[in-house]
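1. need a 3D model of the following:
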Amino acid sequence: MPTWTQEQVLALAPDASSVAAGRKLASPAPWSSIGVTETPAAVWGLCAGSGKNPYATVVDLSGPAYSCTCPSRKFPCKHALGLLLIWAAGQVPAADAPADFAATWLDARAARAQKAPAAAPDPEAAARRAEQRADRVAGGVADLRRWLRDQLAAGLAGADRAGYRPYEQVAARLVDAQAPGLADMVRRLPSVAASGDGWPGRLLDELAMLHVLVEAHDRIGALPTELAAVVRRRIGQPTRTEDVLATPPVRDTWVVLSQTDRVDGRLTVRRVHLHGRATGRDVAVVSFAAAAGQPLDASLVVGTELDADVHTYPGDPLRALVGTRHSDAVTATAAPAAVGLADVAAVWSATLEADPWASTVPVVAGPVTVGTDGQRWWLTDGTDAHAPVAAGVEPWGLLAVSGGRPVTVAADRTATGLAPRAAWTTEGLVAL
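-> All right, here's what the predicted structure looks like:
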């Protein structure tokens, strides 16, 4: 198994204080009995602490999963982070087999992973569950319709100062009604209300699209098949991972261009932009951490590229999962192929034609320069085409790394413009 980079290790940290504490333990001095094996893929060690006995720390690298005898409730704890940082620095010796304390935990973990034979599916029970879910979703949609009417009756004045709580209460009810897609759209509303000049119009647009989705759900039986599938997905009908991986793979050399993390209620959401060198396709890999301290996927490191199979979600060609990896990731040394801003506009239009509720499309545009007309920021590409910088986004980082010169940018095309996430400069890829 290839050694992780320091960036991959630190991406696992549950918070900034854990990063700082882990770095303090990233030295062999307090450690003993450390080692690493490929089979099982694990690293372990004993770390001296304030007590009589050292803390026994084990990391299952295939998970990753963590075990430590320290009292911390964070996962991974500072000892696991420190141990992984030592391993990332190449300072953990290879071993023939795990130490006894590590083997005990690894064996118990492997035993728990052996599942009992799956029971034969019960079609009647599955039908009952589907009917119950449909009833709950219908109730949540009805509640949302009433809430939308209340918003218009009361007016939008003061929405930019209302904060997140009123929206979070509505979103929580939608989650309970098994409509997480609607909940996600509601949770975006306060950021729209706080997006600066022109926010009332943008907020009204978002509320209108929610209303259209509610109406579409009520008429789903009369919609074309593909549009009905989009509505179900936007409401929040889950897609199983195995169903995604069953779709035809797209093998390419995929460049990892950007990573964006955001807190969405109780979820932390990570969105990684991949660009295929041969296909020119741009997709997003989205992962979630459902609990405080739960690590996010750190296997895709910005600035690297890898030969891999990518599987797109049924009915959503912009969202993907990485399947078989045919090579280890290496540093990307060449800029990805970019398209002009006119082509970006065409991609956005085609996306909205298929999915009117699409909010973000990953693109690679360039070479572009950034400037202002005194009222808002714009990107231009030397032709008649231009695109506004997305509302709420300040392009100071792009100005700094480009120095005013044309650069290729990895960006998200949104309803209000382009949000640059990274730029390819003479120094390589720079996150913004």
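
2. pLDDT weak spots in the stretch 1-150 of the chain?
-> 1-2, 115-121 (pLDDT under 70).

3. would you map the strands across it?
-> 31-37, 42-47, 55-60, 65-68 (DSSP state E, counting those that start in this stretch).

4. quick one: buried residues of the longest one?
-> For strand 31-37, a neighbour-count test (16 or more other CB atoms under 10 Å) marks Trp31, Ile34, Gly35, Val36, Thr37 as buried. Using the backbone N, CA and C atoms, a C-beta is placed for each residue, glycine as well.

5. equivalent analysis for the second one, please.
-> Of the residues in strand 42-47, those with enough neighbours to count as buried (16+ other CB under 10 Å) are Ala42, Val43, Trp44, Gly45, Leu46, Cys47.

6. ok, back up a step: between the buried residues of strand 31-37, which is closest to Leu84?
-> Taking CB to CB as the measure, Leu84 sits nearest to Val36 out of these, at 10.2 Å.

7. list the contacts for that closest one?
-> Ala42, Val43, Trp44, Trp87, Val92, Pro93, Ala94, Ala95 (CB atoms under 8 Å, 6 or more residues apart in numbering).

8. could you work out the most separated pair of those?
-> Ala42 and Pro93 (13.5 Å).

9. which element, helix or strand, includes Val286?
-> Using DSSP states H and E, Val286 sits within strand 282-289.

10. tabulate the strands of the stretch 1-150 of the chain (CSV), appending distance to Leu306.
-> What follows is the strands of the stretch 1-150 of the chain, written out as CSV (distance: least, CB to CB, whole Å):
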stretch, distance to Leu306
strand 31-37, 22
strand 42-47, 22
strand 55-60, 22
strand 65-68, 23
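
11. count of residues packed around Ser27?
-> Ser27 is flanked by 13 other residues according to other CB atoms under 10 Å.

12. do I have it right that it meets Ile86?
-> Yes. With contact defined as CB atoms under 8 Å, Ser27 reaches Ile86; the gap is 7.2 Å.

13. can you check the pLDDT for the residue lying closest to Gly163 once chain neighbours are set aside?
-> Computed as CB to CB, 6 or more residues apart in numbering, the closest residue to Gly163 that is not its neighbour in sequence is Pro190, at 6.6 Å. Note for Pro190: predicted pLDDT of 90.

14. could you point out the longest helix in this structure?
-> helix 123-154 (DSSP state H).

15. which of the residues in that helix are buried?
-> Val137, Gly140, Val141, Asp143, Leu144, Arg145, Trp147, Leu148, Gln151.

16. can you list the domain ranges for the chain.
-> 6-113, 137-235, 241-331, 341-431 (automatic domain parsing).

17. could you dump those to TSV with distance to Ala126?
-> TSV is the format used below for the domains of the chain (distance: least, CB to CB, whole Å):
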stretch	distance to Ala126
domain 6-113	26
domain 137-235	15
domain 241-331	15
domain 341-431	28
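
18. distance of Arg270 relative to Gly382?
-> Note on Arg270: its distance to Gly382, by CB to CB, to the nearest Å, is 34 Å.

19. secondary structure element for Pro367?
-> Counting by DSSP H and E, Pro367 is part of strand 360-372.

20. ok and that strand relative to strand 282-289, angle-wise?
-> 110 degrees (axes from the mean of the first three to the mean of the last three CA atoms, to 10 degrees).

21. sec struct for Arg202, please.
-> Secondary structure assignment for Arg202 (DSSP: H, G, I helix; E, B strand; the rest coil): helix.

22. which of the three states applies to the closest residue to it other than its chain neighbours?
-> By the measure of CB to CB, 6+ apart, the closest residue to Arg202 outside its immediate chain neighbours is Val192, 5.2 Å from it. Following three-state DSSP, the label given to Val192 is helix.

23. sorry, back to before: name the surrounding residues that touch the strand holding Val286.
-> 267-276, 295-297, 300, 310, 312, 317-322, 360-364.

24. let's see that with 6 Å instead.
-> 267-275, 296-297, 318-320, 362-363 (CB atoms under 6 Å, 6 or more residues apart in numbering).

25. pull out the buried positions in it.
-> Neighbour-count burial for strand 282-289 flags Asp282, Val283, Ala284, Val285, Ser287, Ala289 (criterion: 16+ other CB under 10 Å).

26. ok, now stretch 356-365?
-> Trp357, Ala358, Thr360, Val361, Pro362, Val363, Val364, Ala365.

27. a markdown table for the residues you listed, including distance to Thr416 and pLDDT?
-> Formatted as a markdown table, the buried residues of stretch 356-365 follow (distance: CB to CB, whole Å; pLDDT from 0 to 100):
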| residue | distance to Thr416 | pLDDT |
| --- | --- | --- |
| Trp357 | 15 | 92 |
| Ala358 | 13 | 91 |
| Thr360 | 11 | 92 |
| Val361 | 13 | 96 |
| Pro362 | 16 | 96 |
| Val363 | 15 | 97 |
| Val364 | 19 | 97 |
| Ala365 | 16 | 96 |
